[in-house]
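Asks: sequence and computational prediction follow.
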Amino acid sequence: MVSEAVAVPGVIATLGAVGLYTGWKRRRVYAAMAGLDPTPIRETASPGPVEIEGTARPGDGPVEAPVTGREAVAAAWTVEEWDERGDTSHWREVARGVEVAPFAVADDTGAIDVDPVSKSDAAGKWTQTTGVTASDGVRLDDVLLEFETFDVRAELAPDEPVPDRIADLHAEHGLYEDTGSITNAVDVGRKHGRRRYKEAILAPDDDAYVLGRAEDATDPSRERLRPRDAHVTEPDDGLMIVSDQSEDGIEAEYRAGSQLLFAGGAIAVVLGALGTVWLLGLV
């Protein structure tokens, strides 16, 4: 009995370690922002890391958000699936993506272009995508789209007719259909394979915050920039962030989140370790 009980503090310690890791990841995002201050666009004179704030202006044309079809200059989305195995059940993320159209950020001093981005990731049948950095949004590789809210836009039962736009998303990412499940035949609550779709967008004329690398659009080696000839792109080594929040807001969110995760994770690790030692002493 004692040996079985040892698993409980082990789980607590593991969850604490996950909290510490997540806090460390979010601390790195905070550090990337805290090391810079937003630059008026006309003062963007040298290549390198830059933070800009202003209004989002569409370039060649906005993108259509993949879940809702809303017009956007940037969109983030996830697909989660209800997974029931044995005595456990939880939402398992099976796909995620970010789409950034060519757009510009404009303030009272000028405007600067932001490069387009298109990234996605789909999980296998028994795995899930990973991303512990985003608070309300999606991170893929070194591109983070963070929003004020990141809401469920659709939720579908496994045997429910799928709208064309959602079907296209399934087909693009090879998401298998789990219909006719024996488990579902006896389910009285949420059915295995149920999916929910989260999405958030940065729309034309929304307030925008961008962190990235400023460089000349035609000659990246140029050491002096003019905003009309420059663009903001993914850094070679670092993080690109696009958000509808202010720099102060997103920075405070990540600072507080990292501190909370560090504190909670450390407490859980200590309690788990002490619990394990105490229980082993009873053996």
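Replies: Alright, I've got the coordinates.

Asks: low-scoring pLDDT stretches of the stretch 1-150 of the chain, where are they?
Replies: 1-7, 9, 86, 125-126 (pLDDT under 70).

Asks: show me where it has its strands.
Replies: Using DSSP state E, counting those that start in this stretch, the strands found in the stretch 1-150 of the chain span residues 48-58, 63-64, 71-72, 74-85, 88-100, 103-107, 110-114, 117-122, 137-140, 143-146.

Asks: residues in contact with stretch 108-119?
Replies: Outside of stretch 108-119, the residues within contact range by CB atoms under 8 Å, 6 or more residues apart in numbering are 40-44, 52, 54, 57, 59, 97-105, 140-141, 143, 210, 212, 214, 217, 227-228, 230-234, 240, 242. The way it works is simple: take the backbone N, C-alpha and C, and place the C-beta from them, glycine included.

Asks: how deep is residue 128 tucked in, by neighbour count?
Replies: 17 (other CB atoms under 10 Å).

Asks: next: residue 269.
Replies: Residues within reach of residue 269, counting by other CB under 10 Å, total 19.

Asks: which residues are in contact with it?
Replies: So residue 269 contacts 13, 16-17, 20 (CB under 8 Å, 6+ apart).

Asks: selection in PyMOL covering whichever of the residues you listed are buried, please.
Replies: A single PyMOL command is used to select the members of these judged buried by 16 or more other CB atoms under 10 Å:
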select buried, resi 13+16+20
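
Asks: direction included, what does the helix or strand harbouring residue 242 pair against?
Replies: If you go by DSSP states H and E, residue 242 is part of strand 240-243. In the sheet, strand 240-243 lines up against strand 143-146 (parallel), strand 207-216 (antiparallel) (DSSP bridges).

Asks: make TSV out of the ones you listed and add mean neighbour count.
Replies: Listed next are these as TSV, based on neighbours: other CB atoms under 10 Å:
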stretch	mean neighbour count
strand 143-146	24
strand 207-216	22
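
Asks: now those strands in a markdown table, with distance to residue 129?
Replies: As requested, the strands paired with strand 240-243 are exported to a markdown table (distance: least, CB to CB, whole Å):
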| stretch | distance to residue 129 |
| --- | --- |
| strand 143-146 | 14 |
| strand 207-216 | 23 |
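
Asks: of all these, which one comes closest to residue 263?
Replies: strand 143-146 (22.0 Å; CB to CB).

Asks: in the helix or strand following that closest one, what counts as buried?
Replies: For strand 143-146, the following helix or strand on the C-terminal side (DSSP H and E) is strand 151-156. By 16+ other CB under 10 Å, the buried positions in strand 151-156 come out as 153-154.

Asks: filter the contacts of stretch 108-119 down to the buried ones and hand me the PyMOL line.
Replies: Provided next is the PyMOL selection string for whichever of these are buried by 16+ other CB under 10 Å:
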select buried, resi 41+44+52+54+57+97+98+99+100+101+102+103+104+105+140+143+210+212+214+227+230+231+232+233+240+242
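
Asks: next, count neighbours for residue 167.
Replies: For residue 167, the count of nearby residues is 13 (other CB under 10 Å).
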